[in-house]
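Student: Just to be clear, the model below is a prediction. Sequence and coordinates:
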Amino acid sequence: MILNCYKSLLIAMIAGFILSFVTACSEKYSDLPREDESVKIPLVYESGLEGYACYRCVAMVVTHQKTILAFCEGRLNDCADEGDIDLVLKRSTDGGKSWGPLVTLEDDGANPCKNPVPVVLPSGRILLMWLWNYSIPSEKDRTTRDVYLSYSDDDGVTWSESRNITSEVYLDEWGWYGLGPCHGIVKEREPHAGRIIMPSRHEENRSHSHILYSDDNGETWNIGAISPVEGTTESTVAELSDGQLMLNCRNDTDYRIVLLSDDGGETFYRNYVDSYLIQPVCQASLLNHSMNPVTGKSNILFSNPADREERVNGTIKLSEDDGNTWTKSYRYSNPYPAFSGYSDIAPLEN
């Protein structure tokens, strides 16, 4: 039975080594046919339970201790984008088979706390960047936001007091601001190996995606490359086999816009439309999974609702050549007309 599908979240185990954290229906297990009916999909957050009417805007990382941290927005009264919204977290220490209790990380009453973007550093520290703004009645009342950062040094059990980093990541002429929502990355290759990269966006007449980066483990932050393409919004980032960065952006067309940086995210030297990655104007997520022994390039995974008109057909696609072509796909959501919205992906050891 399909219920109001955008009101809860789940973890789907894909091929034993990928987790996809996606929106789904409010059932203990989703049992409608998918491409692999042997895959059971346990819910992590269920709408109407644990104090919140709705859960949205997901982000996920796997820590050095192999703990899965599943972040999202807990929307207190309804699923609207404005309202009383908190940042919440659940942890799994057994590969997603079971989950600990919901923990509210940030709650400022009617003022929303939104857009989680976590990243795991080489030291094991987990950073969490997020957004705050004064309560507003509707989207037309949007002005600016504050950007905050917190961290955990104990596998996500406890978190530092958040600090305001807005002055480091906001230009005076920018209006409304966004992060991800999805995971950030740490560059593993030159140029700028060790640099933290966070996908972001801002309004300046129209929306533009951009990159935030830190070269000192998150102590200070810089505004990096800004998309020259108007209308790019929510974005996700992956590092390619040669150290380039690929920023993949939501926009107001049927296809994803891709931007490439060869200087660690300080500038973009190319942008193009990827006509294979269709979208219904929705968030998506990228992940560099591994090196491909045949092509010598990175295996890149892409997750989104694979449809031009509706948020349905949640699908993971595989590129075996750094995102130049997409050779395989796996539909993890229930079939049409079941809703499938925002997602994030993270690797698990098998």
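Tutor: Yes, it's here. This one's a predicted model, so the numbers in the text were calculated from it and none came from an experiment.
Student: measure the residue of the chain positioned farthest from its centre to residue 158 for me?
Tutor: Largest separation from the mean C-alpha position in the chain: residue 294, at 29.0 Å (Cα atoms, centre = their mean). Distance, residue 294 to residue 158, using Cβ to Cβ, to the nearest Å: 44 Å. For every residue, glycine as well, the C-beta is placed using N, CA and C.
Student: where does this structure dip in pLDDT?
Tutor: Low-confidence segments of the chain, defined by pLDDT under 70: 1-42, 350.
Student: swap the cut-off to 50 and go again
Tutor: For the chain, the stretches with pLDDT under 50 are 1-18, 22-33.
Student: Mind telling me what element the most centrally placed residue in it is part of?
Tutor: With distances taken as Cα atoms, centre = their mean, the residue of the chain nearest its centroid is residue 182 (1.3 Å). Under DSSP states H and E, no helix or strand contains residue 182.
Student: so who does it touch?
Tutor: 58-59, 117, 199, 236, 283, 285, 344 (Cβ atoms under 8 Å, 6 or more residues apart in numbering).
Student: can you rerun that using 10 Å?
Tutor: 21, 57-61, 71, 115-118, 198-199, 234-237, 283-287, 303, 342-346 (Cβ atoms under 10 Å, 6 or more residues apart in numbering).
Student: ok, back up a step: pull the contacting residues for the residue farthest from the centre of the chain.
Tutor: 320-321.
Student: Quick check: the gap between it and residue 321.
Tutor: 9 Å.
Student: Regarding stretch 89-98, how distant is the last residue from the first?
Tutor: Stretch 89-98 has an end-to-end distance of 14 Å (criterion: Cα to Cα, to the nearest Å).
Student: List the buried residues for that stretch?
Tutor: 89-92, 95-96 (16 or more other Cβ atoms under 10 Å).
Student: These into CSV, with extra columns for secondary structure?
Tutor: Compiled in CSV, these are given as follows (DSSP: H, G, I helix; E, B strand; the rest coil):
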residue, secondary structure
89, strand
90, strand
91, strand
92, strand
95, coil
96, coil
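Student: out of those residues, who's nearest residue 223?
Tutor: residue 89 (27.3 Å; Cβ to Cβ).
Student: Just to check, the closest one is in contact with residue 105?
Tutor: Yes: with contact defined as Cβ atoms under 10 Å, residue 89 and residue 105 form a contacting pair (5.5 Å).
Student: and for the two, which residues touch both?
Tutor: Residues touching both residue 89 and residue 105 by Cβ under 10 Å, 6+ apart: 71, 74, 116, 128, 152, 156, 159.
Student: farthest pair in those?
Tutor: Across these (Cβ to Cβ), the longest gap, 18.4 Å, separates 74 and 152.
Student: All the strands of the stretch 251-350 of the chain, in order from the start?
Tutor: Assigned by DSSP state E, counting those that start in this stretch, the strands in the stretch 251-350 of the chain fall at 255-261, 270-278, 285-291, 298-305, 314-319, 328-331, 343-347.
Student: Sheet partners, orientation included, of the fourth one?
Tutor: Spelled out, it's strand 298-305. Paired with strand 298-305 in the same sheet, following DSSP bridges, are strand 285-291 (antiparallel), strand 314-319 (antiparallel).
Student: roughly how far is the longest one from the heart of the chain?
Tutor: In other words, strand 285-291. 13 Å (Cα atoms, centre = their mean, to the nearest Å).
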